[in-house]
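Student: can you look at this prediction? I've put the sequence above it.
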There are 2 protein chains.
Amino acid sequence: MKINSKDAIVKAAISLFNTKGFDGTSIRDIAGKANVNVATISYYFQNKEGLLEFCFTDYYEKYINNLEEGMMELEAGAYSCMKKVIDNLVHFHCENIHLSRFILRELSLDTQMVREMMSIYSAKERYYLTKIIEKGIARQEFMKINISYFIIQLKSLLSMPFLNSQYVSEVLHIFPHEKYFADKYAVELFKWLESILTPAKTLSVQKEIS
Amino acid sequence: MKINSKDAIVKAAISLFNTKGFDGTSIRDIAGKANVNVATISYYFQNKEGLLEFCFTDYYEKYINNLEEGMMELEAGAYSCMKKVIDNLVHFHCENIHLSRFILRELSLDTQMVREMMSIYSAKERYYLTKIIEKGIARQEFMKINISYFIIQLKSLLSMPFLNSQYVSEVLHIFPHEKYFADKYAVELFKWLESILTPAKTLSVQKEIS
């Protein structure tokens, strides 16, 4: 019963944050939508900032778990490891589209909380991604690439359709909350990955064709 | 003198929106930062929504101008046209990073104004991008690709470093407001473009090498 009302509060909050923005949403609005008392929200989260911190932590703990699950494949190969990471993170964003959309938007603000979150989680994420690339280069699975520019592109491609789900669905008629999209989009990102990291492989395949 | 205070208001507003969010910023905050009276803001923009609309229109008019300037190269070739469009839009975002960052964030909200802006400008953008791709495919400059998935990736790559400029500078130590970044990043996007659109060309070059 209690867990249900906590979940209901988070769900209502995220939905309101995505339509009215964080500052445009009051605790009263959230209580109304979640069908709970304002006191219940205070009990679980103290205030709106507590709710925001809960959302950030919830997002990042799951995000890093998905990344770490992919990392377990690193010994088997850097390329298959990176594919697994991409597949996991695309499906994670798809399955948690409302939370992801809200957090990805908040992350573009220049606030104290964003700085704190970045110093913990983004540094960790960067460490893991760098490790995969360096291993891939050392094993000659990957070309030598600029790792920071690779991370910019990877993070761009992993975020945009979920952050801009309204644009993607209304202008392009593609529905990023559907598993069908996540499956298809992951394959597009594998193509991108291959073209960026493994041109030698592409070359040998194309030589065989010709 | 008057133009200066209008500019000062817009500049102050965008700066505050990027640190405190649109709803977290009051007209009084903007007036204070711009060193003008609240009445001056009312005179130019009526209210905060008027200021928001001004920012959206300003961003999109410039964005579409840059796109249309690139379109003029379409007769010369679809590939060089797409490169010109990418180069223009990367430099536009870089040169107007505060405005771009704010608008790109607002665009991820599910509001009436976003819907209106998308129905005018995003539809136009989609029309132009589709035209380039279709021309490229018809002339056999490009492979047959899924245009919507291409647009998702292109828009991801064009937005992220500017929307997440804080992440990019604090975690990756890359500075997306610098011309140096825009020049280098555009070249990275040309590589992506070539790998996605013109494998035939890559093939022939690689055959010569081998």
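Tutor: Nice, I can see it.

Student: nearest residue to A:L74 in space, please, no chain neighbours.
Tutor: Nearest non-adjacent residue to A:L74, counting by CB to CB, 6 or more residues apart in numbering or on different chains: A:C81, 4.5 Å away. C-beta: built from backbone N, CA, C; applies to glycine.

Student: what domains does the record give for chain A?
Tutor: Domains of chain A are assigned by automatic domain parsing as A:1-46, A:54-209.

Student: now do the shortest one, average pLDDT.
Tutor: Per-region confidence: domain A:1-46 scores 91 on mean pLDDT.

Student: so where's chain A uncertain?
Tutor: A:1-3, A:199-210 (pLDDT under 70).

Student: go through the biggest helix by length in chain A and flag the buried ones.
Tutor: Counting residues, the longest helix found in chain A (DSSP state H) is helix A:48-71. Within helix A:48-71, the residues that count as buried by 16 or more other CB atoms under 10 Å in any protein chain shown are A:48, A:51-52, A:54-56, A:59-60, A:63-64, A:66-67, A:70-71.

Student: what is the most widely separated pair among those residues?
Tutor: A:K48 and A:M71 (34.5 Å; CB to CB).

Student: which SSE is the most centrally placed residue in chain A in?
Tutor: When CA atoms, centre = their mean is applied to chain A, the residue found nearest the centroid is A:H93 (5.0 Å). Secondary structure assigned from DSSP states H and E places A:H93 in helix A:78-95.

Student: helices of chain A, start to end?
Tutor: With DSSP H, the ranges of helices along chain A come out as A:2-20, A:27-34, A:38-45, A:48-71, A:78-95, A:97-106, A:112-117, A:123-138, A:147-163, A:165-171, A:179-197, A:199-209.

Student: dump those helices to CSV, plus distance to B:L99.
Tutor: CSV is the format used below for these (distance: least, CB to CB, whole Å):
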stretch, distance to B:L99
helix A:2-20, 22
helix A:27-34, 29
helix A:38-45, 34
helix A:48-71, 26
helix A:78-95, 27
helix A:97-106, 17
helix A:112-117, 20
helix A:123-138, 28
helix A:147-163, 18
helix A:165-171, 18
helix A:179-197, 29
helix A:199-209, 37
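
Student: rewinding a little: just checking, the residue nearest to A:L74 touches A:G70?
Tutor: Yes: judged on CB atoms under 8 Å, A:C81 makes contact with A:G70 at a distance of 6.1 Å.

Student: so how far is stretch A:10-30 off the chain centroid?
Tutor: Put simply, stretch A:10-30 sits 20 Å off its chain's centre (CA atoms, centre = their mean, to the nearest Å).

Student: output that stretch as PDB - backbone C-alpha positions only.
Tutor: What follows is stretch A:10-30, C-alpha atoms only, in PDB (Å, rounded to 0.1, in the frame of the first residue of the first chain):
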ATOM      1  CA  VAL A  10       7.000   9.500  -8.600                       C
ATOM      2  CA  LYS A  11       4.900   8.600 -11.700                       C
ATOM      3  CA  ALA A  12       2.700  11.600 -11.300                       C
ATOM      4  CA  ALA A  13       5.700  13.900 -10.700                       C
ATOM      5  CA  ILE A  14       7.600  12.800 -13.800                       C
ATOM      6  CA  SER A  15       4.500  13.200 -15.900                       C
ATOM      7  CA  LEU A  16       3.900  16.700 -14.700                       C
ATOM      8  CA  PHE A  17       7.600  17.600 -15.000                       C
ATOM      9  CA  ASN A  18       7.500  16.600 -18.600                       C
ATOM     10  CA  THR A  19       4.500  18.800 -19.500                       C
ATOM     11  CA  LYS A  20       4.900  21.700 -17.100                       C
ATOM     12  CA  GLY A  21       8.600  21.600 -16.300                       C
ATOM     13  CA  PHE A  22      10.100  21.100 -12.800                       C
ATOM     14  CA  ASP A  23       9.600  24.600 -11.600                       C
ATOM     15  CA  GLY A  24       6.100  24.900 -13.200                       C
ATOM     16  CA  THR A  25       4.900  22.000 -11.100                       C
ATOM     17  CA  SER A  26       3.900  22.300  -7.400                       C
ATOM     18  CA  ILE A  27       3.700  19.700  -4.700                       C
ATOM     19  CA  ARG A  28       0.000  20.300  -4.700                       C
ATOM     20  CA  ASP A  29      -0.200  19.400  -8.400                       C
ATOM     21  CA  ILE A  30       1.700  16.200  -7.800                       C
END
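
Student: so it, near chain B or not?
Tutor: Yes: counting by CB under 8 Å from any CB of the partner chain, chain B has neighbours in stretch A:10-30: A:N18, A:T19, A:K20, A:G21, A:F22, A:D23, A:G24.

Student: how about the domains of chain A, which one is nearest B:E188?
Tutor: Distance to B:E188, taken as CB to CB, is lowest for domain A:54-209 among these, at 5.3 Å.

Student: now A:N37: closest residue in space, sequence neighbours ignored.
Tutor: Leaving aside its chain neighbours, A:N37 sits nearest to A:A31 (6.3 Å; criterion: CB to CB, 6+ apart).
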